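how would this look folded up:
(chains A and B)
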2 protein chains.
Amino acid sequence: MTQVTEQAPATRFAESARAVDGVRTDTAAFDAWLADCRDRFHTTVELRPLDALQGWSVDPHTGDVGHSSGRFFAVRGLDVQVPGAAVERWQQPIISQPEAGILGILVKEFDGVPHCLMQAKAEPGNINGIQLSPTVQATRSNYSGVHRGKAVPYLEYFRDTASHRVLADVLQSEQGAWFHRKRNRNLIVETTGPVELLDGFCWLTLGQLHELLRQDDLVNMDTRTVLSCFPAAPTAAECAPSYGELLRWITEERTRRERHVREIPLNSVTGWQLRDGRVTHRDGLFFDVVGVSVEAAGREVGRWDQPLLAPRGTGLVALLVREIDGIPHALLHARVEAGHLDVLELAPTVQCTPQTYAHLPPEARPRFLDTVLTAPEQNVLFSAVHSEEGGRFLHARNRYVIVEADPGLSLADCPDYRWTALHDTAALLRHSHYLNIQVRSILACLHGLAGREGKEKS
Amino acid sequence: MTQVTEQAPATRFAESARAVDGVRTDTAAFDAWLADCRDRFHTTVELRPLDALQGWSVDPHTGDVGHSSGRFFAVRGLDVQVPGAAVERWQQPIISQPEAGILGILVKEFDGVPHCLMQAKAEPGNINGIQLSPTVQATRSNYSGVHRGKAVPYLEYFRDTASHRVLADVLQSEQGAWFHRKRNRNLIVETTGPVELLDGFCWLTLGQLHELLRQDDLVNMDTRTVLSCFPAAPTAAECAPSYGELLRWITEERTRRERHVREIPLNSVTGWQLRDGRVTHRDGLFFDVVGVSVEAAGREVGRWDQPLLAPRGTGLVALLVREIDGIPHALLHARVEAGHLDVLELAPTVQCTPQTYAHLPPEARPRFLDTVLTAPEQNVLFSAVHSEEGGRFLHARNRYVIVEADPGLSLADCPDYRWTALHDTAALLRHSHYLNIQVRSILACLHGLAGREGKEKS
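From the prediction side, this is the model:
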């Protein structure tokens, strides 16, 4: 085990969070580096019919779209039943990717301040080509060589952690509406040894990352989820009574709700069809599954085809927050989604694509959506548009909004919503199956607010 | 919230654990009560062909065995792939029961000592008719009235816990080799109000239950799993470094192993067939699925038919234990099983049916099986035969053995085994998906040993 500063991790990261102007890379240098990467790492993405993708095929019997190697991922159908929900049964296409990949951030101290090694990474689904990704963002097919591409840089820090300090290591779910049982291993590893800085990589403080989270479409989804797993302030949260009550509420909600999910052939999914080389819903709602042909410079493989899921419309991810007895709380929603392993995970207060609700019954309109949409401007603490995973989704974007709640907000008839202390969410993040990708993303943004306050006060 | 003694729960339960001779019900009174229950609560079970069960039918297309209401449970087929395992792919019948039932123990203090309200319950699969079950042991179909039977006694304490003290409330898995995604809600609820003692129920201390665990086939599986969830000694286990390392090891193992599971029609399961009214393996191995016709007195419904899974042979559940730096540890196995939600849960050191291995390749022989079978007698701390759930399994029995390990025992080439501090297992038990039913059962037996030592020392 290498020697690392013996200060508690949370304290050291609070310091990194206050370093908003950078230490190793100042803001001007970062801007120049990013512009240079944008210049040099080109990605060209062209739509191409699903049944004409190189290396992929549409199964003649099932209509499933899969890779010729049988690896990576496949697009299949899913039959979902949620008794008692506003929509009790539906079928949909879904991305099936049972392999767990690695999302890893490498951390190293410079001038006593922990820094994160970030990557300027082009993904075919990104609206703007390059975004900031973790040090390593690799599927198992990636790193086990199915890709036949170049070796993944820095992968060795995450595959063999024995000689480093592991700050977080937990399997976390991804979009339950679009993935069937997808999980990635979220890793944060600190090293004290020399690290060669490769082209396209850059050392940033947590404070810089928090500032960058205020910009639209820059800090990618994988970075956001790993950031949410950074060790929190040192509390005995897991021994606190509120943690036990939170766990019991989750048990209650998981018992109260039922969900039955079954993979079915894609060509049997009611209401959806493959036509003109893409899979679409008959009312043009939800999302399409499309094919793309990609040419990239500065990525593992230079040229490839693949399917992408292209959502219709920009989503909304909103978190109501308030202090209760001086402790910051967020209003979380125990939300049943199709693709999670367990019947439900905790989600942000609001998570929806507002335009979808035109088509659904009024009782399906999300609780607190109007509370968020009509919040007075001074209560909106954070607002930015972020992209979801550009390796699987085409131009998938959500507006992330954090709103200070009116203390009089009623939770009557909302057994599936709960004010949750932030220290308890940090305790949950040590485990799988609790916090969904949207709430982890917005918690990363919320941590950024805390760092900013720290700086303004200091 | 009712007022309950303000002592920490773990301390109060340690006291209850030391009360091995009983307070409310002394040992002689218990024996008389049990003998009386055995006399009065008769159950007659007769084998009956699966395709002739009243209320159940074999689907003509799939061969699946299901109830006419569509509730309770069904017997289907499962296709399982575990790349890299000794047996990489197989198919098998499995019980599909996605509903979560309630296993609840009601607790109340008498003379300052907490007591558990236990039930003498006859189950059709029990080898000896009556065993000791929790206060409530009810499927969702049971308590939501699909059964059309009598109301479940004491159910109200577990359905509306608001005015009581909840000591444990967590969804836990059941046999991963026999159930597809089965979970039950394990509840321990303490009340201070008056509780009417109904016929067939009895108040016992934890110490009495621990003593009774030394008897074969008396404390049923549902009691054992709930007992394992009793609040442990007050430690800050969840804040300890060993807990973080344990969680990281689980993440590592869950990433390293792969498992693909798919429900298939029962009549397409390779190597198994429905003949003479039962489903059997071609080599007569593993288990049969049989039908039974039950007549019972003193149960919710007096007469019914149902399928049961009848294992071949008695299994072995063994735990190697030792002290490391003065802290008791158990050797746990990260074990991939077909039916769990997550790819693996932690299992005892050994969990197998020894006779099955005649038929499998030598590399499939369980690690540490011979260590357990050849252990010197003085190292065997516990040995008793217990029954598994008599409502689903016919005469399913395992020998539970706890063995003091040789300190020199090598774990070389065993990345899937780990010495785990008992206070860390207690922390895991607050969550789902971590400890399988067999390890929970044997931990309940192990807690009993600790109580006994406490008494011997005092």
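
Spit out the contact partners of A:L247.
Taking CB atoms under 8 Å, 6 or more residues apart in numbering or on different chains as the contact definition, A:L247 lies against B:D169, B:V170, B:R430, B:H431. C-betas here are computed from N, CA, C, even on glycine.

can you tell me which helix or strand it belongs to?
Using DSSP states H and E, A:L247 maps to helix A:241-256.

On the three-state scheme, the closest residue to chain B within the stretch 51-200 of chain A is what?
As assessed by CB to the nearest CB, chain B sits closest to A:D169 within the stretch 51-200 of chain A, at 4.5 Å. Secondary structure assignment for A:D169 (DSSP: H, G, I helix; E, B strand; the rest coil): strand.

and the closest residue to it other than its chain neighbours, how many neighbours?
Using CB to CB, 6 or more residues apart in numbering or on different chains and skipping residues adjacent in sequence, the residue nearest A:D169 is B:R248, 4.5 Å away. Residues contacting B:R248 under the criterion other CB atoms under 10 Å in any protein chain shown number 17.

and whichever strand or helix holds A:L106 with helix B:241-256, angle?
Using DSSP H and E, A:L106 falls within strand A:101-110. If you take axes from the mean of the first three to the mean of the last three CA atoms, to 10 degrees, strand A:101-110 sits at 140 degrees to helix B:241-256.

which residues touch the closest residue to A:R397 other than its chain neighbours?
Leaving aside its sequence neighbours, A:R397 sits nearest to A:T314 (CB to CB, 6+ apart; 4.9 Å). By CB under 8 Å, 6+ apart, the contact set of A:T314 is A:T353, A:V385, A:R397, A:N398, A:R399.

Which two of those residues have the greatest separation?
A:T353 and A:V385 (13.3 Å; CB to CB).

any idea how chain A splits into domains?
A:9-43+A:99-227, A:44-98+A:261-269+A:288-303, A:239-260+A:312-457 (automatic domain parsing).

Dump those domains into TSV; add mean pLDDT as well.
Shown next, in TSV, are the domains of chain A (pLDDT from 0 to 100):
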stretch	mean pLDDT
domain A:9-43+A:99-227	92
domain A:44-98+A:261-269+A:288-303	93
domain A:239-260+A:312-457	92
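
Output the ones you listed as CSV; include the columns distance to B:P153.
Listed next are those as CSV, based on distance: least, CB to CB, whole Å:
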stretch, distance to B:P153
domain A:9-43+A:99-227, 38
domain A:44-98+A:261-269+A:288-303, 27
domain A:239-260+A:312-457, 20
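
what's the closest of the ones you listed to B:A330?
domain A:239-260+A:312-457 (20.6 Å).

what about A:T11, which helix or strand?
A:T11 belongs to helix A:9-18, assigned by DSSP H and E.

And that helix, what does it pack against?
Contacts defined by 3 or more CB pairs under 8 Å, 6 or more residues apart in numbering or on different chains; DSSP states H and E place helix A:9-18 against strand A:113-122, helix A:206-212, helix A:437-457.

so which of the ones you listed comes closest to chain B?
helix A:437-457 (15.8 Å).

which residues are there in the stretch 1-150 of chain A that come within reach of chain B?
A:P98, A:E99, A:A100 (CB under 8 Å from any CB of the partner chain).

and of those, the nearest to B:P124?
Nearest to B:P124 among those, with distances taken as CB to CB, is A:P98, at 37.2 Å.

which SS state does the closest one fall under?
Going by three-state DSSP: A:P98 is coil.

re the thing from before, the helix or strand following the helix holding A:L247 near chain B at all?
The C-terminal neighbour of helix A:241-256 among helices and strands, as given by DSSP H and E, is strand A:260-264. Yes - applying CB under 8 Å from any CB, one finds strand A:260-264 in contact with chain B at A:H260, A:R262, A:E263.

Out of these, which comes closest to A:N184?
A:E263 (20.4 Å).

which residue ranges form the strands in the stretch 251-400 of chain A?
A:260-264, A:272-275, A:278-281, A:287-296, A:303-311, A:315-324, A:327-336, A:344-347, A:350-352, A:380-387, A:397-404 (DSSP state E, counting those that start in this stretch).

Which stretch among those is buried most, on average?
strand A:344-347 (a mean of 25; mean count of other CB atoms under 10 Å in any protein chain shown).

Now find how far off-centre it is within its chain.
Computed by CA atoms, centre = their mean, to the nearest Å, the chain-centroid distance of strand A:344-347 equals 14 Å.

For it, which helices and strands make contact with it?
helix A:241-256, strand A:327-336, helix A:437-457.

Which residues outside it are in contact with it?
A:173, A:176, A:250, A:253-254, A:257, A:259, A:332-337, A:420, A:425, A:428, A:433-436, A:438-439.

Among those, which ones lie close to chain B?
A:R254, A:H433.

could you flag which of the contacts of strand A:344-347 are buried?
Among the contacts of strand A:344-347, those classed as buried by 16 or more other CB atoms under 10 Å in any protein chain shown are A:173, A:176, A:250, A:253-254, A:257, A:259, A:332-337, A:420, A:425, A:428, A:433-436, A:438-439.

Quick check: neighbours of the helix or strand that A:I188 is a member of in the sheet, parallel or antiparallel?
Secondary structure assignment for A:I188, by DSSP H and E: strand A:183-190. Strand pairing for strand A:183-190, determined by DSSP bridges: strand A:101-110 (parallel), strand A:165-173 (antiparallel).

where's the first one relative to the chain centroid, distance-wise?
Between the centre of strand A:101-110 and the centre of its chain there are 16 Å (CA atoms, centre = their mean).

Please apply the same query to stretch A:379-386.
17 Å.

Tell me which residues are up against it.
Against stretch A:379-386 from outside (CB under 8 Å, 6+ apart): A:213-217, A:219-221, A:224, A:314, A:321, A:397-406, A:441, A:445-446, A:448-449.

beta partners for the closest residue to A:L53 other than its chain neighbours?
Excluding its sequence neighbours, the residue lying closest to A:L53 (CB to CB, 6+ apart) is A:D305, at 4.0 Å. Beta-bridge partners for A:D305, by DSSP bridges, are A:S293.

and A:D305, what does it touch?
A:R48, A:L53, A:Q54, A:G55, A:W56, A:G291, A:V292, A:S293, A:V294.
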